[in-house]
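In: Fold the following and give me the result.
(one chain, ligands or ions: 2)
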Amino acid sequence: MNPSNVDVAIIGAGTAGLSAYREVRRYTDSIALIESGPFGTTCARVGCMPSKLLIAPAEARHRLERLPAFGIAAEVGRVDGVALMRRVRSERDRFVGFVIESMQGFDPSHIIRAHARFEDAHSLRLDRATDADVTEAAADGIQRLRADRIVLATGSRPFIPAMLHAAGDRLIVNDDVFEWQDLPRSVAVFGAGVIGLELGQALHRLGVRVRLFGRGGGLASISDPEVRAYAARTITAELPASLDAREVRVHRDGDAVVIDFVDDDGNARSERYDWLLAATGRTSNLDRLGLEKTGLVLDARGIPLFGPLTMQCGASHIFVAGDSAADRPVLHEAADEGHLAGHNAARYPGVFKHVRRTPMGVVFSDPQIAFVGKRHAQLVAEGVDFAIGQVSFEDQGRSRVMMVNQGLMRLYGEAGTGLLLGAEMIGPEHEHLAHLLAWVIQMRMTVTDILELPFYHPVIEEGLRTGLRELNRALGMGPKPPLRCIDCGPGG
Ligand SMILES: Cc1cc2nc3c(=O)[nH]c(=O)nc-3n(C[C@H](O)[C@H](O)[C@H](O)COP(=O)(O)OP(=O)(O)OC[C@H]3O[C@@H](n4cnc5c(N)ncnc54)[C@H](O)[C@@H]3O)c2cc1C
Ligand SMILES: NC(=O)c1ccc[n+]([C@@H]2O[C@H](COP(=O)([O-])OP(=O)(O)OC[C@H]3O[C@@H](n4cnc5c(N)ncnc54)[C@H](O)[C@@H]3O)[C@@H](O)[C@H]2O)c1
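Out: Ligands and ions are numbered 1, 2, ... in the order given. This next block holds a predicted model:
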């Protein structure tokens, strides 16, 4: 391979880039996979996996707190922060190791450690990589690369509002949390989105003093006002939070971060924390690529206009995938988009469309929050004629048995066709219910057809059946579900 002139260059070796590489390699051996940071992917290093490793012990401890309500005397375990963080890091390293192992079959001559930037639509300038331990592009003698086709898979980074910088060296992001040697005493978590809620609740349950600072009352990007209100009530009953903190001012007093703010009840408060964790959203890394030199049409955020069924930017030889595209910033979609972008970059100018999966999001809070198909806000914005069926999990049989009976699910169905369109929900084991719903939506099933599927007794899925029956009634396609329906079994 001529290392300065390749068929396909892939910028970024995260989930999307690795998936693109595997696809491109089926068609050509003339490839450059360019990575400026450490290998291992955001998901394994600082994202999905370490966050779930922190959440798991927090949930285990929380279950102990609930045992007395079952009549079991239990002492809530003292948290050994050093041991706990050691496990988080070592399991995280195992997952990173699996990713790096999966790259062992890659041709080493395809891999370039450098920061890529466009000089024109086909030429990339390669600068020193950020990871000091790696071979630098200059040391390889490659400082410029010409590529016939290019995949942009550069991921995203935390977005930090200017006002938070007053916390100085006490300002951290998710990456820093997973390097901790011990748990801190206190953390102010800014941003009540997915990351803020997952990490904030886990730290709180591990005995760290936490407050979650939100803006405008939003929580975990729930768009259905009823689900959002229920979730806000349920989550904040346990986790100290100001979801609509106003007049926020951050400053330092010695080692402490001081936060002055007006809380949700209108009271002026001043609180001190060891750390300020910014979980205030993420921004695409495409802004550091010099895309203005490519001639691509960019949107207001600097992201090229692309087709979600091809990942092609305009009609060009450039394709985009994963978090950098800022369209569906979750792991399985990054992998899909990488595959699609890689496939089309390899075969360009032959470009195929590929049907996308039903959108799905799961927030690993407790209770879990999930979204499937079309969001409530999207249906309203698109002017879709839809009906809503809803079910509370407070009286749901199996949920009560297990003492996890908190939750509200709202299901959306299309008027006239009876098709299930989407759902937003908070409740027990909802990561599983979200999958069932995503599968039946993707199969384009009507609510009536879904109700023909089997439901065991007593299971949490029976709550879903009640919601679907309510939706069928609201669509005018089924009877009013009987109160305490006995064919469902008690509590069904
Ligand atoms: C705390 C947290 C928890 C999460 N939890 C979940 C979860 O539970 N479930 C889920 O589905 N998703 C989760 N996500 C989201 C998921 O991690 C991302 O959607 C996914 O990792 C994106 O993959 P990617 O390939 O687009 O980006 P990355 O994996 O970030 O890869 C991009 C790569 O490009 C490199 N790069 C950037 N610019 C350049 C350049 N100019 N030149 C060369 N290389 C460059 C970067 O160094 C990086 O290695 C979480 C994210 C975070 C932060
Ligand atoms: N379980 C999962 O699948 C999972 C978990 C974590 C992250 N992720 C992915 O990572 C992405 C980024 O997550 P995120 O939580 O950083 O972003 P987010 O967009 O979900 O939430 C950011 C929140 O910060 C708030 N905010 C912004 N500026 C603020 C300020 N000055 N003060 C207070 N609040 C402020 C926003 O209003 C928003 O609610 C998610 O969209 C998701 O795709 C997924």
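In: Residue in this structure with the shortest distance to ligand 2?
Out: Nearest residue of the chain to ligand 2 (C-beta to the nearest ligand atom) works out as Gly193 at 1.7 Å. (Each C-beta comes from the backbone N, C-alpha and C, glycine too.)
In: residues in contact with that residue?
Out: Residues in contact with Gly193, defined by C-beta atoms under 8 Å, 6 or more residues apart in numbering, are 218, 220-221, 279-281.
In: Let's have those in JSON lines, adding neighbour count, secondary structure and pLDDT.
Out: Formatted as JSON lines, the contacts of Gly193 follow (neighbours: other C-beta atoms under 10 Å; DSSP: H, G, I helix; E, B strand; the rest coil; pLDDT from 0 to 100):
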{"residue": "Gly218", "neighbour count": "16", "secondary structure": "coil", "pLDDT": "97"}
{"residue": "Ala220", "neighbour count": "24", "secondary structure": "coil", "pLDDT": "98"}
{"residue": "Ser221", "neighbour count": "18", "secondary structure": "coil", "pLDDT": "97"}
{"residue": "Ala279", "neighbour count": "26", "secondary structure": "coil", "pLDDT": "98"}
{"residue": "Thr280", "neighbour count": "22", "secondary structure": "coil", "pLDDT": "98"}
{"residue": "Gly281", "neighbour count": "16", "secondary structure": "coil", "pLDDT": "98"}
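In: restrict the residues you listed to contacts with ligand 2.
Out: Counting by C-beta under 6 Å from any ligand atom, 218, 221, 279-281 from the contacts of Gly193 sit close to ligand 2.
In: from the residues you listed, which single one is nearest Arg357?
Out: Proximity of those to Arg357, judged by C-beta to C-beta, is greatest for Ser221, which lies at 18.8 Å.
In: Mind checking what secondary structure the residue nearest to Glu91 when sequence neighbours are not counted has?
Out: Leaving aside its sequence neighbours, Glu91 sits nearest to Leu53 (C-beta to C-beta, 6 or more residues apart in numbering; 5.2 Å). Classification of Leu53 using DSSP: H, G, I helix; E, B strand; the rest coil returns helix.
In: residues in contact with Leu53?
Out: Contacts of Leu53 by C-beta under 8 Å, 6+ apart are 87-88, 91-92.
In: For the longest helix belonging to the chain, list every residue counted as buried.
Out: Looking across the chain with DSSP state H, the single longest helix is helix 81-102. Going by neighbour count (16 or more other C-beta atoms under 10 Å), the buried part of helix 81-102 is 81, 84-85, 88-89, 92, 95-96, 99.
In: circling back: possible to save the contacts of Gly193 as CSV with distance to ligand 1?
Out: Putting the contacts of Gly193 into CSV (distance: C-beta to the nearest ligand atom, whole Å) gives the following:
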residue, distance to ligand 1
Gly218, 18
Ala220, 12
Ser221, 13
Ala279, 8
Thr280, 12
Gly281, 10
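In: Same list (the residues you listed) but as CSV, adding distance to Ala153.
Out: Formatted as CSV, the contacts of Gly193 follow (distance: C-beta to C-beta, whole Å):
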residue, distance to Ala153
Gly218, 29
Ala220, 26
Ser221, 24
Ala279, 23
Thr280, 24
Gly281, 20
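In: Just give me the closest of those residues to Pro458.
Out: Proximity of the contacts of Gly193 to Pro458 (C-beta to C-beta) peaks at Ala220, which lies at 28.6 Å.
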